[in-house]
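Visitor: Sequence plus predicted model, see below.
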Amino acid sequence: MTHALSINIYGRGDATLGDGPSHMGIALYTTPPQSNPGTEETICEMHHIRNPTDDKFTYDPRPQPLNDPVLRGRCEILSSLSGEDRSGISNLLTDFGNDETNIPEFGVGNCQDWVAGAVSMLEDAGVVGKGEGTFWRGMVNRSAEGMEEACRGSERVWIPGPESSFEGVPDASFNDKEVRSVGKLVGNEAFFKMQALIGTGTVSSDEGARERPFYVSSPFFGRMVLATCYKLDGNQARSTLTYIPQS
C-alpha cells in the first residue's frame with residue numbers, strides 16, 4: 001500500500017466573474033494498487049486553514065472525502081509514499097499548522113498563502129522538489145482553471161474533481177453556466193457569497209469584479225448550502241432547495 005500528497009482546489013475562483021478565491025488544502029491519502037486504478041480511498045487527511053468566525057483563520061486538520069462534490073481538481077505532487085513517509089509528512093504539516101505565526105492575518109492573506117508556505121516548508125525539509133514552494137506561491141489568487149493550466153503545463157499530475165449539480169425551485173437554480181434567483185433569496189448578500197463559492201455568481205459590466213475576501217472555508221459546501229438557505233428562508237427553502245451530488 002502506498003500513499004500520495006496533493007494540493008486540492010475547491011471552487012472556480014475566477015475574479016473576473018465575481019468569484020471569491022478558490023479554497024485550497026493539502027491532502028494525504030492512500031493510492032490504489034496499479035491493478036485497480038481509480039479506487040482511491042474515499043477519505044483523505046486534509047490540512048488547511050479556515051475562517052469560521054469571519055475575522056481570523058484557524059488550522060483545521062480533518063478527515064474528509066477525497067473527491068468532495070465541489071473539488072475542482074487536485075495536483076498530485078508526491079506519490080509512492082510509504083506509510084512511514086506519510087506519517088512524517090503529516091507530522092511536519094501538523095507542526096506547521098499549529099504554529100500560529102504561520103497563519104496569515106485575516107484580510108491580508110488566505111488559505112492559499114498558507115498552503116504555499118506549507119509547501120515551502122516541505123521543500124526546506126527535503127520532502128518535495130526544489131522550486132515547489134515558489135510554484136505554489138505563484139498560484140495564489142489564480143482561478144482554478146489557471147492553476148490547472150499551470151500544473152499541466154509544468155507536467156505535474158492534475159486529477160480533475162467531480163462535477164457539482166444543484167437544483168432549486170423556486171428559490172434558486174444552480175449550474176455551471178448560469179444562475180437564476182427568485183423569491184426571498186434575491187438580493188441577499190449571504191446568498192451571493194454562496195453563488196460565488198460554486199462559481200455561479202454573475203457580475204454586470206459596470207460593477208466589475210467584486211471584492212474577494214470570501215472563499216470556500218470548508219470543502220463540505222453542499223451541506224453548507226442546505227443549512228444556510230434553511231436559516232435564510234425557513235422551511236420553504238428547506239423543502240425546495242435540493243443538493244444533488246454526482247458520483
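Guide: Thanks, I have it. Numbering: from 1, shown residues only.

Visitor: average pLDDT for the host helix or strand of Leu92?
Guide: In the assignment (DSSP states H and E), Leu92 maps to helix 83-98. Averaging pLDDT along helix 83-98 gives 98.

Visitor: So for it, what gets flagged as buried?
Guide: Buried residues in helix 83-98, defined by neighbour count with 16 or more other CB atoms under 10 Å: 85-86, 89-90, 92-93, 96-97. All C-beta atoms are positioned from the backbone trio N, CA, C, and that covers glycine.

Visitor: Can you work out which other helices and strands pack against that helix?
Guide: Applying 3 or more CB pairs under 8 Å, 6 or more residues apart in numbering; DSSP states H and E, one finds that helix 83-98 makes contact with strand 2-10, strand 23-31, strand 43-47, helix 111-124.

Visitor: returning to that earlier point: export the buried residues of helix 83-98 to CSV and tack on distance to Ala27?
Guide: Compiled in CSV, the buried residues of helix 83-98 are given as follows (distance: CB to CB, whole Å):
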residue, distance to Ala27
Asp85, 15
Arg86, 11
Ile89, 11
Ser90, 11
Leu92, 15
Leu93, 10
Phe96, 15
Gly97, 14
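
Visitor: tell me which helix or strand of this protein sits lowest on mean pLDDT?
Guide: Scoring the helices and strands of the chain by mean pLDDT, DSSP states H and E places strand 172-174 at the bottom, with a mean of 25.

Visitor: and Met121, what does it touch?
Guide: Contacts for Met121 (CB atoms under 8 Å, 6 or more residues apart in numbering) come out as 92, 96, 102, 133.

Visitor: mind checking how far it is from Glu132?
Guide: 11 Å (CB to CB, to the nearest Å).

Visitor: Check Ile49 too.
Guide: Taken as CB to CB, the span from Ile49 to Glu132 is 19 Å.

Visitor: Also Ala116?
Guide: Counting by CB to CB - Ala116 and Glu132 are separated by 10 Å.

Visitor: Neighbour count for the two, which is higher?
Guide: Ala116 (22 against 19; other CB atoms under 10 Å).

Visitor: pLDDT score assigned to that one?
Guide: 98.

Visitor: doesn't Met139 make contact with it?
Guide: Yes. Look at Ala116 against Met139 with CB atoms under 8 Å: they come within range, at 7.2 Å.

Visitor: Check which residues of stretch 67-84 are buried.
Guide: 67-78, 81.
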